[in-house]
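> Only the shape, not the letters, is given here:
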């Protein structure tokens with residue numbers, strides 16, 4: 001038990017600080033020589049300063065911690081306060097994999113925390129000053145991190161392949177989808193009138209390839225004498241559809257319909273039990289019959305295939321995004337779901353797309369709006385923007401000001417200024433983040449000490465011994481300190 005081990009270590013340390021003395025056992029010369037020899041041996045084995053400090057630190061079992069409201073990303077990429085994390089659940093680590101929480105600690109703390117604000121992250125990282133944080137140059141105690149240091153937000157591992165169209169429709173549902181309370185199978189999308197035709201076409205393409213193929217697979221597996229449960233595990237089709245198909249009946253399936261509800265607004269609907277099963281498999285839903293609002297939306301789990309993940313991001317951006325690539329080099333997706341915002345941030349980073357997360361209050365309404373800003377592919381390398389750069393330089397050489405250059409190119413004056421800066425493209429200036437194979441690198445903006453009184457917490461995570469807080473990688477220090485105590 002680590003607590004008992006810490007107590008024994010503390011007793012041992014206290015005994016080591018007692019002012020011991022050696023007295024001769026007699027009056028003879030040999031007794032005095034023996035006492036002098038023993039005293040010299042005691043001095044040789046006395047505590048040195050480094051050992052005293054080490055023993056003192058290891059007598060505190062949980063030395064490096066986070067405050068209770070610190071956000072930790074669970075195994076599905078959803079934020080959760082560390083005080084509500086339970087032993088046995090999973091959290092994301094520096095490898096991007098979900099690992100099991102083996103133990104959780106808490107202690108009372110009264111002192112200063114280190115608050116690290118990172119560019120492109122909506123929440124600051126708050127930890128005790130000894131807690132180690134992963135930087136581009138390796139592990140550093142939070143108290144040693146300075147402005148300008150680079151921190152890493154890891155991505156999630158993605159295998160090649162996946163169904164891009166299914167991912168796109170799931171992303172669009174996360175942005176604009178809902179379901180009719182009186183129907184078990186009808187999915188509705190509320191979109192702009194201009195987007196309705198394209199969405200209906202994509203739904204038709206998905207239905208033609210997935211619904212028919214799945215029915216044939218269900219019937220093929222059913223011919224082997226498999227049970228409904230076995231067919232469901234083999235094909236992913238829900239039990240109601242399996243029973244209907246095996247009995248020779250048709251499922252509730254119709255063509256996508258478009259209804260113009262008001263000026264520039266349309267509703268696209270699809271009644272298909274297979275498509276409904278796809279949505280239920282990937283999207284968090286409320287109890288049957290209840291309205292699923294934006295606050296409830298999020299992915300049940302993170303995608304594992306690259307094309308499928310890209311489809312989810314692109315579909316969500318198509319529904320809830322604003323294209324500002326012509327002015328500031330970014331496309332911004334907006335949601336009131338904090339879970340969804342963090343998941344999209346992770347997906348973008350895993351695809352090698354620089355992304356930022358920000359939040360702001362909703363004007364006149366309660367709650368927050370979360371914004372995920374991503375850089376489209378054409379802005380990720382400055383060479384792909386070479387035509388406008390060359391045009392901007394030519395106009396500058398002709399003596400035009402930045403506002404006039406901006407009007408001539410149809411961009412903002414800031415975008416024109418960015419294109420004329422040597423070695424700096426719009427995405428570097430606008431996002432302050434760089435995508436690498438290991439994740440997104442972000443600059444530290446400020447480092448401050450903030451007073452804190454209350455409980456602090458730490459986790460022991462299997463295998464990787466790390467977890468993510470505010471999008472940054474922090475060390476599994478509980479395990480390290482306990483290891484020292486046990487040894």
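Looks like it arrived, so ask away. What you see is a predicted model, and the numbers here were worked out from it, not measured in a lab.

> in the protein, what secondary structure element scores lowest on mean pLDDT?
When each helix and strand of the chain is scored by mean pLDDT, DSSP states H and E, helix 426-431 comes last, with a mean of 40.

> Please tell me I have it right and residue 169 contacts residue 201.
No: taking contacts as Cβ atoms under 8 Å, residue 169 lies outside contact range of residue 201: 11.6 Å. Quick note: C-beta positions are derived from backbone N, CA and C, even for glycine.

> Which one of the two is surrounded by more residues?
A direct count of neighbours by other Cβ atoms under 10 Å for residue 169 and residue 201 places residue 169 higher, at 28 against 11.

> and the gap between the more buried one and residue 239?
Distance from residue 169 to residue 239, counting by Cβ to Cβ, to the nearest Å: 23 Å.

> Then residue 316?
30 Å.

> Please apply the same query to residue 228.
The value you get for residue 228 to residue 239, if Cβ to Cβ is used, is 5 Å.

> element containing the residue nearest to residue 118 when sequence neighbours are not counted?
Once flanking residues are discounted, residue 118 sits nearest to residue 442: 4.7 Å by Cβ to Cβ, 6 or more residues apart in numbering. Here residue 442, judged by DSSP states H and E, is contained in strand 439-461.

> Quick check: neighbours of that strand in the sheet, parallel or antiparallel?
Strand pairing for strand 439-461, determined by DSSP bridges: strand 66-67 (antiparallel), strand 98-118 (antiparallel), strand 150-153 (antiparallel), strand 433-436 (antiparallel).

> closest one to residue 206 among those?
strand 98-118 (28.7 Å; Cβ to Cβ).

> Show me what the helix or strand following that closest one is packed up against.
As assigned by DSSP H and E, the chain's next helix or strand after strand 98-118 is strand 125-127. On a contact count with 3 or more Cβ pairs under 8 Å, 6 or more residues apart in numbering; DSSP states H and E, strand 125-127 meets strand 66-67, strand 98-118, strand 472-475.

> Of those strands, which is nearest residue 411?
Here strand 98-118 is closest among the helices and strands packed on strand 125-127 (Cβ to Cβ), at 28.4 Å.

> now the closest one: mean pLDDT?
Strand 98-118 shows a mean pLDDT of 90.

> Spell out the secondary structure type for residue 400.
coil (DSSP: H, G, I helix; E, B strand; the rest coil).

> So the closest residue to it other than its chain neighbours versus residue 393, what's the distance?
Closest residue to residue 400 apart from its sequence neighbours, by Cβ to Cβ, 6+ apart: residue 408 at 7.2 Å. Counting by Cβ to Cβ, the gap from residue 408 to residue 393 is 12 Å.

> ranges for the strands of the stretch 251-400 of the chain?
Along the stretch 251-400 of the chain, counting by DSSP state E, counting those that start in this stretch, strands occupy 257-262, 265-271, 321-324, 330-335, 355-361, 368-374.

> if I read this right, the residue nearest to residue 118 contacts residue 116, doesn't it?
No: Residue 442 lies out of contact with residue 116 (Cβ under 8 Å); the separation is 10.5 Å.

> what touches both of these two?
With contacts defined as Cβ atoms under 8 Å, 6 or more residues apart in numbering, the residues shared by residue 442 and residue 116 are residue 151.

> Just the buried positions in stretch 219-229, please.
By 16 or more other Cβ atoms under 10 Å, the buried positions in stretch 219-229 come out as 221-222, 226, 228.

> TSV please, covering the strands paired with strand 439-461 and showing mean neighbour count.
As requested, these are exported to TSV (neighbours: other Cβ atoms under 10 Å):
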stretch	mean neighbour count
strand 66-67	24
strand 98-118	17
strand 150-153	21
strand 433-436	18
